[in-house]
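> sequence first, predicted model second:
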Amino acid sequence: MAQEGRLFAPVGEKEITRAIVNTFAKQFVEYVESDCIIVGAGPSGLIAGRDLARQGLKTLIVERNNYLGGGFWIGGYLLNKVTFRAPGEKVLDEIGVPYEKAQEGLFVADGPHACSKLIASACDAGVKFANMTIFDDVVLRDNRVQGVVVNWTPVRALPREITCVDPIALETKIVVDATGHDALVVKMLESKGLLKVPGHGSMWVEASEDLVVEHTGEVYPGLFVCGMSVTTTYGIPRMGPTFSGMLLSGKRVAETILESLKIGR
Amino acid sequence: MDWVVLGAEELLGGEARKLKASIEETGSPLPAFAPYVYRVILEEKNADKETLAGMLAKLRIKELTAKVGPNESVEPFPAEVAFEGRFLTSPEKKPYGIPYEGALLQVFLRPLLKQAGFSRLSSLPVVLLPDLLATFEPSDRRYHLRMNVLGFPALISIPGIVLAPAKPREYYLLKRSGLDPAGLNRAFKALFIDHGDSRLPRVVAGLALQALAYLRTGNAFCDDARCSLHNAHWHHELIALYGPDEAQNAGLSQDIPLCSAHSRMVKDWKVTP
Ligand SMILES: [Zn+2]
């Protein structure tokens, strides 16, 4: 409570530090084991996390940047308007983003509004985040992905002689690769000889964004792919920003995961 | 000799009648229309859905610049097989964008179509496909998208008509600069034949005649750029051949342009089977 004559409560630096460390540690310990870890907090990862958390799944999203949202803040040519082909606008309705109809079947929204609402809706649903955190490896057990190994993002920037900063492991039932064209988790399995991923995914053929949604799903026991990492995984032609495709792919992966957990358990 | 177009109703919808009308105008023997190729094959019960879907998944090309074709010994991902399976009998809903190895697809389809009663000597099949087709070009050692693959069976790619012939160079320059493809396609609307274009059935008819010419004479291509049997590499060539889009909307012509030699040839087919 603020005292008379003072704007802010008299809280010292040590109390602030304790509050930060204690709440962080409490959540971190709780999420050392979860139902689902999504790597990448772009539009597909965020909507997938939201849908899973709303169904009661303990969901953690790992993001290497400090900011969430990936490329969803801006559209083409660095302009902050994002476009959606029908039926992508239904997802905007769901998370409460206003939009305009540009023409039949095409809708436009403000990037900052759409992206912040999407992040907020994931938080509201109960998703927790580990940002400034890089994906380092997978936890493999019984031929199944059962977790991820992570580290702080700045560790990557350290000089060679101090790279012995060991990562830590988080266990989970399902891992989702939502890392975009990099498909970092899928590539990690490839480096272990468990999958074969085509070339370097630089095929620029005009393609229907439906392909991304249609190939969204489980790629290895315990590992699911959504968003642009689908194109890299399956060698589908690369495409420009297709936010409807990303949102619908995120929703599709959540549906598939929920189905698989019901069947599997 | 009969010939059969497979998949016209599914892939051209109501426009399939335009395909028939266009071919009729040439005076050549009219083709019979049969269901989409995998429906025909599945009806013969020689193959099960899973096997067909698995084979198709193996024929995907994932890198056009690859020096080698798809490796049939590599097992496709379950999601790829499931994708093929979902659209095996509903080609009109299949999303485009994945190129398939045209020559291998032809080899794969040949025995299946033979079992279904088609042959080189009777009922020649021309297969319309919702997929992109690519074949290896030895001169630059890479794959190229194609509108069609000649031979038995003859394959015609509907999205290939839109994507294989070259558009104006400015189109690709602007595309590489990151412009929204939908907006770019609207801006270049007059300069290429897009999905839903009223000329598509006539382009298909021209390619079907080309396929038939190849199967009968071993020679498919015409030097005359005003003939449908000319091997067009550019959209402007197709547009010069088939005229502006509006002409068709007004119902002015169903005509398939043929040079006099090829016009005579297709009419002769009718009298000398
Ligand atoms: Zn000619």
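Happy to help now that I have it.

> what about the strands in chain A?
For chain A, applying DSSP state E gives strands covering A:33-39, A:59-62, A:81-85, A:100-103, A:106-110, A:128-130, A:133-141, A:144-152, A:168-177, A:217-220, A:223-225.

> wait, chain B
B:3-6, B:32-34, B:99-101, B:124-129, B:132-137, B:142-146, B:148-149, B:154-157.

> export these to a markdown table and tack on mean neighbour count and distance to residue A:133?
(C-beta placed from N, C-alpha, C; glycine too.) Formatted as a markdown table, the strands of chain B follow (neighbours: other Cβ atoms under 10 Å in any protein chain shown; distance: least, Cβ to Cβ, whole Å):
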| stretch | mean neighbour count | distance to residue A:133 |
| --- | --- | --- |
| strand B:3-6 | 26 | 53 |
| strand B:32-34 | 16 | 57 |
| strand B:99-101 | 25 | 38 |
| strand B:124-129 | 26 | 46 |
| strand B:132-137 | 21 | 39 |
| strand B:142-146 | 19 | 40 |
| strand B:148-149 | 25 | 49 |
| strand B:154-157 | 27 | 45 |
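
> any stretches of chain B with poor pLDDT?
B:1, B:46, B:178, B:246-254, B:271-273 (pLDDT under 70).

> residue B:133 and chain A, how far apart?
Distance, residue B:133 to chain A, by Cβ to the nearest Cβ, to the nearest Å: 12 Å.

> which residue packs closest to that residue, ignoring adjacent ones?
In this structure, residue B:133 finds its nearest non-sequential neighbour in residue B:102, 3.9 Å apart by Cβ to Cβ, 6 or more residues apart in numbering or on different chains.

> quick one: contacts for that neighbour?
B:133, B:134, B:135, B:146, B:149, B:155, B:157 (Cβ atoms under 8 Å, 6 or more residues apart in numbering or on different chains).

> ok, so of the residues you listed, who is nearest chain A?
residue B:134 (9.0 Å; Cβ to the nearest Cβ).

> settle this for me: the closest one is touching residue B:143, isn't it.
Yes. Under the criterion of Cβ atoms under 8 Å, residue B:134 lies in contact with residue B:143, with a separation of 4.2 Å.

> what's the overlap in contacts for these two?
B:61, B:64, B:99, B:101.

> neighbours of residue 212, how many?
Picking chain A for this. 29 (other Cβ atoms under 10 Å in any protein chain shown).

> that answer is for a different chain, and I need it for chain B
25.

> now do the contacts for it.
B:3, B:28, B:124, B:126, B:154, B:269.

> go again using 6 Å as the cut-off
residue B:3 (Cβ atoms under 6 Å, 6 or more residues apart in numbering or on different chains).

> ok, so what distance separates it from residue B:125?
11 Å (Cβ to Cβ, to the nearest Å).

> repeat for residue B:17
20 Å.

> residue in the stretch 1-150 of chain B nearest to the ion?
residue B:26 (11.6 Å; Cβ to the ion).

> and that residue, how far is that from residue B:206?
For residue B:26 relative to residue B:206 (Cβ to Cβ), the value is 9 Å.

> ditto for residue A:61
Applying Cβ to Cβ to residue A:61 and residue B:206 gives a distance of 53 Å.

> ok, now residue A:186?
Distance from residue A:186 to residue B:206, by Cβ to Cβ: 43 Å.

> neighbour count winner among the two?
Legend: neighbour count by other Cβ under 10 Å for residue A:186 and residue B:206, higher for residue B:206 (28 against 24).

> contact residues of chain B facing chain A?
Residues of chain B that fall close to chain A, judged by Cβ under 6 Å from any Cβ of the partner chain: B:62, B:63, B:64, B:79, B:83, B:95, B:96, B:97, B:163, B:180.

> so where's chain A uncertain?
Checking chain A against pLDDT under 70 turns up A:1-3, A:77, A:163, A:199-202, A:263-265.

> and the longest helix along it, what does it pack against?
Taking DSSP state H as the criterion, chain A has its longest helix at helix A:243-264. Secondary-structure packing of helix A:243-264 (3 or more Cβ pairs under 6 Å, 6 or more residues apart in numbering or on different chains; DSSP states H and E): helix A:43-54, strand A:81-85, helix A:210-214.

> tell me which of the ones you listed is the most buried.
helix A:43-54 (a mean of 29; mean count of other Cβ atoms under 10 Å in any protein chain shown).

> packing partners for that helix?
Here helix A:43-54 touches strand A:33-39, strand A:59-62, helix A:111-125, helix A:243-264, going by 3+ Cβ pairs under 6 Å, 6+ apart.

> so which elements touch the first one?
Contacting strand A:33-39 under the criterion 3+ Cβ pairs under 6 Å, 6+ apart are the following elements: helix A:43-54, strand A:59-62, strand A:168-177.

> between those, which one is nearest to residue B:7?
helix A:43-54 (33.6 Å; Cβ to Cβ).

> send me the closest one as CSV with only the CA atoms.
Only the C-alpha atoms of helix A:43-54 are listed here, as CSV (Å, rounded to 0.1, in the frame of the first residue of the first chain):
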residue,chain,number,x,y,z
PRO,A,43,1.5,-17.4,-35.1
SER,A,44,1.1,-21.2,-35.6
GLY,A,45,2.9,-22.0,-32.3
LEU,A,46,0.8,-19.4,-30.4
ILE,A,47,-2.6,-20.5,-31.7
ALA,A,48,-1.7,-24.2,-31.1
GLY,A,49,-0.6,-23.4,-27.6
ARG,A,50,-3.8,-21.5,-26.9
ASP,A,51,-6.0,-24.3,-28.2
LEU,A,52,-4.1,-27.0,-26.2
ALA,A,53,-4.1,-25.0,-23.0
ARG,A,54,-7.8,-24.3,-23.3
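
> just the residues contacting it, thanks.
By Cβ under 6 Å, 6+ apart, the list of residues contacting helix A:43-54 reads A:36, A:38, A:59, A:61, A:72, A:118, A:121-122, A:125-127, A:178, A:226-227, A:243, A:246-247, A:249-251, A:253-254.

> ok, stretch A:148-166 next?
Contacts of stretch A:148-166 (Cβ under 6 Å, 6+ apart): A:37, A:62, A:64, A:132-138, A:167, A:169-170, A:175.

> that one: which residues count as buried?
A:148, A:149, A:150, A:151, A:155 (16 or more other Cβ atoms under 10 Å in any protein chain shown).

> how much space between the fourth one and the ion?
Read it as residue A:151. 67 Å (Cβ to the ion, to the nearest Å).

> next: the second one.
Here residue A:149 is placed at a distance of 65 Å from the ion (Cβ to the ion).

> who is that residue paired with across the strands?
Beta bridges link residue A:149 to residue A:137, residue A:169 when assigned by DSSP bridges.

> hey, where'd the helices end up in the stretch 151-273 of chain B?
Along the stretch 151-273 of chain B, the stretches classed as helices by DSSP state H, counting those that start in this stretch are B:158-163, B:169-176, B:181-187, B:200-217, B:235-242, B:245-249, B:260-271.

> tally of neighbours for residue 167?
You didn't pick a chain, so chain A it is. 16.

> oops, I was thinking of chain B
19.

> thinking again about what came up before, make JSON lines from the helices and strands packed on strand A:33-39 and add distance to residue B:108 to it.
JSON lines is the format used below for the helices and strands packed on strand A:33-39 (distance: least, Cβ to Cβ, whole Å):
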{"stretch": "helix A:43-54", "distance to residue B:108": "34"}
{"stretch": "strand A:59-62", "distance to residue B:108": "43"}
{"stretch": "strand A:168-177", "distance to residue B:108": "32"}
